[in-house]
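In: Based on what follows, work out the 3D shape:
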Amino acid sequence: MTTVTAPAGRASAPPGPGPAPSPDRTLIRFGLRRDRVRIPVWVAALTLGTMSTVTEFKTLYSTAGERASAVSSMDSPAARHDRPRHYLTHYNMPSMMGHQLIGFMAVLVGLMSVLIVTRHTRDEEETSRAELVRSTVVGHHAQLASALAVAAVANLALAALVTLSVLSAGVDGIATGEALLYGLTLAAIGLVFAGVAAITAQITAHTRGASGTALAVIGVAYVLRASGDVGNDALSWLSPIGWGQRTYVFVDNRWWPLLLCLALAALTAATGFVLSTRRDVGAGLRSSRLGRRTASDALTRPLGFALRLHRGTLLGFGAGLFLMGVMYARSSASATW
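Out: Okay, here's the model as predicted:
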């Protein structure tokens, strides 16, 4: 029986599993695994919404006369709240898609991005999982970076799937570059609002507050874009939704407004990283107010407690719907006069 010894001065190292994975990549994989149902549902629903609308257009506006009738009905201030008028000068089936879909889809894509970022940042801190993760070997910005990366993956997946769906829709006159511009426009707007959520997640200590504030920013962006389409066009240039619509996809096919969206997305994300260094884990930059010593009678009942929890969201949506109703009423009145 013989034994093999290592040469002097050379220690034999035990076999290892290889280099350890990056903590950031591990958090990204963990975030994608947690959202393995949510993200596909969001992406599939938005894609199916686009395709069902295209199918409807092909049925309702199959002839040039029907499209001309649609143009005459949409050339009013009330209709321009939803869409820029520039599309109406080149109204065919592809331009109809860009005209009627981008503004509406931008709001939904922004909602998806906001919910992803707040779920993987503020919600993690509320449930104390963030503190557990930070007790391991991760960087201070790892969690926010992974949340933004998950949102970016969702938006890019949406862009890819929407592009392929538009190309396979059987609409004449749509080139590959135009379909890609449409998909990337939605993704770029989504990245902007992901950056906005990165900021609002630092301001408040609660997930609902962070999501509600970011949704309010989406509402302001939509109102600015709508006001610009009706009156002063400069207002639309203050909104990332307006930038997306100013690509005039399927008509002029401008790519440069996407650079504005990417620049704003980078700026908001960087601001979120800076603000995250100025607060403690679980806290927000805005300190919570002290509540009353005793609860009211309404707060001791399920309905009153639910209304108290969701009062910010309900007031925000109510104010947004009221503002939109006033805007439509005023524009309709001006069109009548």
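In: Tell me where the stretch 1-150 of the chain has helices.
Out: Ranges of helices in the stretch 1-150 of the chain, per DSSP state H, counting those that start in this stretch, are 23-34, 38-60, 64-74, 77-80, 93-120, 122-126, 129-134, 142-167.
In: That should have said the stretch 151-300 of the chain, apologies.
Out: 176-203, 207-230, 240-245, 257-276.
In: Nearest to residue 303, out of the ones you listed?
Out: Ranking the helices of the stretch 151-300 of the chain by their distance to residue 303 (criterion: Cβ to Cβ) puts helix 207-230 first, at 17.8 Å. For every residue, glycine as well, the C-beta is placed using N, CA and C.
In: how about the closest one: buried residues?
Out: By neighbour count with 16 or more other Cβ atoms under 10 Å, helix 207-230 contains the buried residues 207-219, 221-230.
In: Stretch 246-258 now?
Out: Result for stretch 246-258 [16+ other Cβ under 10 Å]: buried residues 246, 247, 248, 249, 250, 251, 257, 258.
In: For residue 31, which non-adjacent residue is spatially closest?
Out: What sits nearest to residue 31 in space, not counting adjacent residues and going by Cβ to Cβ, 6 or more residues apart in numbering, is residue 150, at 4.1 Å.
In: what do you get for residue 108?
Out: residue 46 (6.0 Å).
In: Next one: that neighbour from residue 172, what distance?
Out: Here the criterion is Cβ to Cβ, to the nearest Å. By it, residue 46 lies 24 Å from residue 172.
In: So these two - more neighbours on which side?
Out: Ranked by neighbour count (other Cβ atoms under 10 Å), residue 46 and residue 172 place residue 46 first, with 19 against 7.
In: Hmm, the more buried one is touching residue 112, no?
Out: Yes. Applying Cβ atoms under 8 Å as the test, residue 46 and residue 112 come out as touching, 7.4 Å apart.
In: Tell me the residues that contact both of these two, please.
Out: residue 158 (Cβ atoms under 8 Å, 6 or more residues apart in numbering).
In: which ones are touching the most centrally placed residue in the chain?
Out: Taking Cα atoms, centre = their mean, the centroid of the chain lies closest to residue 110, which sits 2.3 Å from it. Contacts for residue 110 (Cβ under 8 Å, 6+ apart) come out as 189, 190, 192, 193, 218, 221, 241.
In: what about the third one, how many neighbours?
Out: Meaning residue 192. Neighbours around residue 192, by other Cβ under 10 Å: 30.
In: My guess is it contacts residue 267. True?
Out: No. Counting by Cβ under 8 Å, residue 192 stays clear of residue 267, with 9.4 Å between them.
In: List the buried residues of stretch 261-275.
Out: Buried, per 16+ other Cβ under 10 Å, within stretch 261-275: 261, 264, 265, 268, 269, 272, 273, 275.
In: Adding distance to residue 302 and pLDDT, write these out as JSON lines.
Out: JSON lines is the format used below for these (distance: Cβ to Cβ, whole Å; pLDDT from 0 to 100):
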{"residue": "261", "distance to residue 302": "43", "pLDDT": "95"}
{"residue": "264", "distance to residue 302": "42", "pLDDT": "96"}
{"residue": "265", "distance to residue 302": "41", "pLDDT": "96"}
{"residue": "268", "distance to residue 302": "38", "pLDDT": "96"}
{"residue": "269", "distance to residue 302": "39", "pLDDT": "95"}
{"residue": "272", "distance to residue 302": "36", "pLDDT": "93"}
{"residue": "273", "distance to residue 302": "40", "pLDDT": "93"}
{"residue": "275", "distance to residue 302": "36", "pLDDT": "92"}
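In: For residue 179, state which of the residues you listed is nearest.
Out: residue 261 (18.1 Å).
In: residues in contact with that closest one?
Out: Residue 261 neighbours (Cβ under 8 Å, 6+ apart): 188, 189, 191, 192, 240, 243, 244.
In: Pull the most distant pair out of these.
Out: Top of the distance list for these (Cβ to Cβ): 191 and 243, 12.0 Å.
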